[in-house]
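Engineer: What follows is a predicted structure for the sequence shown.
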Amino acid sequence: MNEITSAYLQKTGFSHLDPKAVLIDMDGVLYNSMPYHAEAWYKAVSSQGIACTLEEFFLYEGRTGASTIDLIFNRAYGRDATEEEKKQIYTRKCEFFERKGAAAVMPGSFDFLQQVKSLGLLPVLVTGSGQRTLLSKLSHDFPGIFTPQTMVTSFDVKYGKPHPEPYLIGLQKASVQPWQAIVVENAPLGVQAGVAAHIFTVAVNTGPLPNHMLIEAGADYLLPDMLSLSAHFEELYTLLTH
């Protein structure tokens with residue numbers, strides 16, 4: 001048994017790894033959208049006179065909009081935001097984000113998804129997004145990959161990442177156990193969520209955060225981008241199953 005698999009099994013207490021599904025984050029994994037999200041959050045929050053930095057919103061990736069706003073309000077005012085405040089700020093955030101136009105597909109992501117399918121694995125989307133147009137966009141950019149039954153969005157969950165709930169629901173939708181899945185994430189909070197669900201978690205560092213933040217979040221395997229994952233996924237799959 002190789003060191004990577006052995007470390008995961010020792011950490012979780014499982015006896016083996018037998019991947020049947022791959023649970024995949026969207027922003028920063030399938031789309032190069034995180035710079036747009038971070039800028040939109042920064043503009044929406046700072047327009048309320050609340051001090052913040054552009055960089056910090058990369059750290060909040062994976063949280064629901066409401067929990068991100070509560071985090072900011074507790075820091076600034078020592079309280080959660082009201083429902084009206086949340087609605088106002090999140091609406092502005094969405095307006096700023098939409099003005100940026102469509103984010104580009106992350107290089108290597110479609111080839112990776114095709115490999116997942118060719119290996120007989122089930123791809124399941126696990127995103128904190130609640131965009132109503134999500135399925136049509138995914139169907140256009142990644143035809144034949146996802147269905148409504150293989151997607152977990154903000155409408156499905158009560159708790160956002162780093163809580164394991166999104167990935168636990170992903171397991172349910174795939175009808176698999178934790179040792180039968182692989183998570184692909186790009187953000188520390190998403191990595192924490194995958195690890196908390198006891199799933200083998202691959203981190204792809206497509207953003208500006210240093211590698212050590214993804215390792216410290218518990219990533220089982222780290223790659224620099226989606227092109228690298230695409231190039232090495234079959235090799236990784238073979239490693240995990242032998």
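Structural biologist: Nice, I can see it. Residues are numbered from 1 along each chain as shown.
Engineer: what packs against the helix or strand of the chain with the lowest mean pLDDT?
Structural biologist: Counting by mean pLDDT, DSSP states H and E, the chain has its least confident helix or strand at helix 134-141, which shows a mean of 83. Judged by 3 or more C-beta pairs under 8 Å, 6 or more residues apart in numbering; DSSP states H and E, helix 134-141 is in contact with strand 151-152. To be clear about C-beta, it is placed using only N, CA and C from the backbone, and glycine gets the same treatment.
Engineer: Show the contacting residues for residue 80.
Structural biologist: By C-beta atoms under 8 Å, 6 or more residues apart in numbering, the contact list for residue 80 reads 70, 73-74.
Engineer: measure the nearest residue to residue 15 once chain neighbours are set aside to residue 219 for me?
Structural biologist: Leaving aside its sequence neighbours, residue 15 sits nearest to residue 9 (C-beta to C-beta, 6 or more residues apart in numbering; 7.0 Å). Taking C-beta to C-beta, to the nearest Å as the measure, residue 9 and residue 219 are separated by 16 Å.
Engineer: where along the protein do the strands fall?
Structural biologist: With DSSP state E, the ranges of strands along the chain come out as 21-24, 122-126, 151-152, 181-185, 200-204, 221-223.
Engineer: where does this structure dip in pLDDT?
Structural biologist: The chain contains residues with pLDDT under 70 at 131-135.
Engineer: Just the helices from the chain, written as ranges.
Structural biologist: Taking DSSP state H as the test, the helices found in the chain are 3-12, 34-46, 56-59, 65-77, 83-99, 109-118, 134-141, 165-174, 188-196, 211-216, 226-241.
Engineer: Report all helices and strands that the second one contacts.
Structural biologist: For helix 34-46, the contact count by 3+ C-beta pairs under 8 Å, 6+ apart identifies helix 56-59, helix 65-77, helix 83-99 as packing neighbours.
Engineer: helices and strands around the longest one, which ones?
Structural biologist: If I follow you right, that is helix 83-99. Looks like helix 83-99 contacts helix 34-46, helix 65-77 (3+ C-beta pairs under 8 Å, 6+ apart).
Engineer: Of those helices, flag the one that's most buried.
Structural biologist: helix 34-46 (a mean of 20; mean count of other C-beta atoms under 10 Å).
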